[in-house]
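>>> have a look; sequence and predicted model below, questions after that.
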Amino acid sequence: MAVHARLQCEPLDYPKNKTAWLEKLNFDGAGWNSTNRPHGYSHGYTLIGPANALEESNFTCCANETNGVVGDAAIGYWMNYDQSSKIYQNHLSATWIVGRPLNGTFQPANQDYPLWIWPEEPRIFATNCTPIIEQAEAQVIAEVETGTILNYDIITQERNASIAWSDDFLEHRASVDYAGQASHYTLQEENITVSWGNFFWDTLVNSGRSYTILNGPFGSDMIDPTQYRTFNFLARGLNVDFMSFAMLALANNTKETLLEPQRYMELASTTFGVFFKHYASENITRLSGGHIYEPVGDRLPWSLGPVINETNRTLVSTYQGALAEDDQIDTAHPAISATYSIPVEQLVMSPVAVCLCLSILSLLILTTIVMYSTNRSHFKALPRDVDTLASTLAFIHGSDKLLDWAQDGASTKPWYKLRSRKNKLARQQSKRLMAQMGPFKDQDGNDAWGIELVESKRIAHDHEGDQESARKP
């Protein structure tokens with residue numbers, strides 16, 4: 001099942017009913033004197049009625065004044081709490097106020113709370129919005145290991161998800177197996193069931209005024225709303241809740257953009273849908289479900305007590321244990337069809353090309369083996385291993401010229417014979433000799449391999465002959 005949420009909004013006609021939103025103050029009238037009124041002003045404006053739905057204490061900060069110069073400040077809140085009736089409603093009032101309020105608050109003598117004052121009338125836009133949660137059947141492609149949604153298709157028509165609103169904080173009597181105290185302070189012990197739509201709706205919309213909820217009835221310390229910033233953004237020129245701040249970001253942080261009715265309502269619906277998407281998709285597991293999705297066949301505890309106030313039942317009261325008289329469970333769970341796919345990489349080639357490639361490769365392998373086997377001695381750098389002293393001496397065993405030169409050479413004569421004329425001639429002749437490692441013929445005409453002396457002219461002649469033979473076709 002796929003779900004999504006949106007807001008259906010319609011603007012309130014503020015210009016025709018300004019007196020219900022703003023009160024014009026006369027600083028020369030009753031309650032004002034030279035000690036408590038703004039200096040330099042004869043009149044001002046303050047919020048009343050629906051514009052001040054979050055109570056006076058919440059609007060006590062965030063003017064935008066620097067060195068006496070007043071700048072624009074914005075106020076934005078969503079609210080579904082009716083101050084007059086003290087109940088939470090199934091629709092919200094969203095307000096956006098832009099103006100230049102004075103820094104600080106001013107309290108007239110005839111009132112119990114201070115006022116946040118605008119020297120000039122602020123610009124106000126307000127709208128009423130109704131939440132709509134819809135569901136449809138979907139075909140989803142997901143990655144098994146990570147659970148990441150790769151693609152999805154909505155395959156049925158969207159319909160209202162009435163089950164999202166089935167249990168609106170229904171009170172149940174204590175469980176039959178409950179053995180604790182029957183009451184706590186002045187409150188009776190009881191169970192509460194709430195549907196995921198109601199839970200999301202009330203917690204999101206009332207997050208901006210949660211400090212008033214925390215001021216409980218059991219003597220807890222009162223919270224200073226100007227310092228409470230858990231679910232509010234309070235800064236210079238800004239006093240908004242999470243939703244209004246998100247809308248301002250979508251409007252490129254332009255306060256005037258949210259004064260346009262159509263643009264404001266579009267961004268409100270988008271913001272509501274994004275918050276709901278994160279709420280619905282957070283921490284979903286196969287065994288425990290999530291905020292919205294539950295495991296197939298899951299039910300509420302059997303011991304859940306009956307509903308205290310039967311008038312709170314809804315049209316979908318036969319859904320499951322929370323509302324059903326016999327703790328019945330919805331057995332019409334749809335069958336879930338799943339296809340498990342494993343991606344495989346496959347190389348597709350022509351059979352002729354495969355045969356040709358294998359034939360050429362086999363021929364090359366065979367040719368390499370034959371050439372190496374028949375010319376192994378030629379391709380080796382040394383005809384035998386050199387790992388002992390004897391194998392080293394074997395390289396000069398048949399080198400007659402090298403041995404004769406070593407025996408008769410100047411380096412073997414005594415030092416006093418080195419300067420003789422004959423010895424000088426020997427040294428000059430030795431300069432024309434060079435040593436070569438490779439194949440040669442010994443004095444008996446046998447083939448040998450090792451180190452032997454050759455004349456430099458012969459080496460040059462052999463080298464030129466090799467180059468000339470290489471140039472011939």
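Great, that's in hand. This structure is a prediction, so every number in the text was calculated from the model and none was measured.
>>> flag the shaky bits of the stretch 301-450 of the chain, pLDDT-wise.
309-335, 376-381, 409-432 (pLDDT under 70).
>>> try it again with 90
Applying pLDDT under 90 to the stretch 301-450 of the chain flags residues 301-349, 368-450.
>>> buried set for stretch 284-299?
Neighbour-count burial for stretch 284-299 flags 291-293, 299 (criterion: 16 or more other Cβ atoms under 10 Å). Any C-beta I mention is one placed from the backbone N, CA and C, and that applies to glycine too.
>>> can you check stretch 298-309 too?
In stretch 298-309, counting by 16+ other Cβ under 10 Å, buried: 299-300, 304, 307.
>>> closest to Val386 out of those?
The nearest member of the buried residues of stretch 298-309 to Val386, counting by Cβ to Cβ, is Arg299 at 86.6 Å.
>>> the closest one: what secondary structure?
coil (DSSP: H, G, I helix; E, B strand; the rest coil).
>>> how about the strands in the stretch 351-473 of the chain?
433-441, 447-455 (DSSP state E, counting those that start in this stretch).
>>> pick the most deeply packed of these.
strand 447-455 (a mean of 16; mean count of other Cβ atoms under 10 Å).
>>> helices or strands next to that strand in the packing?
In terms of contacts (3 or more Cβ pairs under 8 Å, 6 or more residues apart in numbering; DSSP states H and E), strand 447-455 is packed against helix 400-408, strand 433-441.
>>> quick one: closest of those to Ile360.
strand 433-441 (35.7 Å).
>>> what's the distance between the nearest residue to Gly208 once chain neighbours are set aside and Trp116?
Leaving aside its chain neighbours, Gly208 sits nearest to Asp241 (3.1 Å; criterion: Cβ to Cβ, 6 or more residues apart in numbering). As judged by Cβ to Cβ, to the nearest Å, Asp241 and Trp116 stand 17 Å apart.
>>> of all the helices and strands packed on strand 447-455, which one is nearest Asn253?
Across the helices and strands packed on strand 447-455, closest to Asn253 is strand 433-441 (Cβ to Cβ), at 83.2 Å.
>>> what lines up beside the closest one in the sheet?
Note on strand 433-441: by DSSP bridges, its sheet partners are strand 447-455 (antiparallel).
>>> got the angle between the strand it pairs with and helix 400-408?
Here strand 447-455 runs at an angle of 50 degrees relative to helix 400-408 (axes from the mean of the first three to the mean of the last three Cα atoms, to 10 degrees).
>>> C-alpha coordinates for strand 447-455, PDB please?
What follows is strand 447-455 as a C-alpha-only set of coordinates in PDB (Å, rounded to 0.1, in the frame of the first residue of the first chain):
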ATOM      1  CA  ASP A 447      82.000 -25.200 -30.300                       C
ATOM      2  CA  ALA A 448      82.200 -23.600 -26.900                       C
ATOM      3  CA  TRP A 449      80.200 -21.000 -24.900                       C
ATOM      4  CA  GLY A 450      81.800 -18.600 -22.500                       C
ATOM      5  CA  ILE A 451      84.100 -15.600 -22.300                       C
ATOM      6  CA  GLU A 452      86.800 -15.300 -25.000                       C
ATOM      7  CA  LEU A 453      89.000 -12.500 -26.400                       C
ATOM      8  CA  VAL A 454      88.400 -11.100 -29.800                       C
ATOM      9  CA  GLU A 455      89.900  -8.200 -31.700                       C
END
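>>> got the contact list for it?
Residues outside strand 447-455 that contact it (Cβ atoms under 8 Å, 6 or more residues apart in numbering): 383, 394-402, 405, 432-442.
>>> change it to 10 Å
377, 382-384, 393-406, 429-430, 432-442, 461-462 (Cβ atoms under 10 Å, 6 or more residues apart in numbering).
>>> related to what we said a few turns ago, pipe the strands of the stretch 351-473 of the chain into JSON lines and attach distance to Leu248 per row.
JSON lines is the format used below for the strands of the stretch 351-473 of the chain (distance: least, Cβ to Cβ, whole Å):
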{"stretch": "strand 433-441", "distance to Leu248": "86"}
{"stretch": "strand 447-455", "distance to Leu248": "91"}
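>>> out of these, which gets nearest to Val348?
Across those, closest to Val348 is strand 433-441 (Cβ to Cβ), at 53.6 Å.
>>> for the stretch 151-300 of the chain, which segments count as strands?
Going by DSSP E, counting those that start in this stretch, the stretch 151-300 of the chain shows strands at 159-160, 170-172, 183-184, 187-188, 191-193, 232-235, 238-241.
>>> determine which stretch of those is the most buried.
Buried most deeply of the strands of the stretch 151-300 of the chain, by mean count of other Cβ under 10 Å, is strand 238-241, with a mean of 24.
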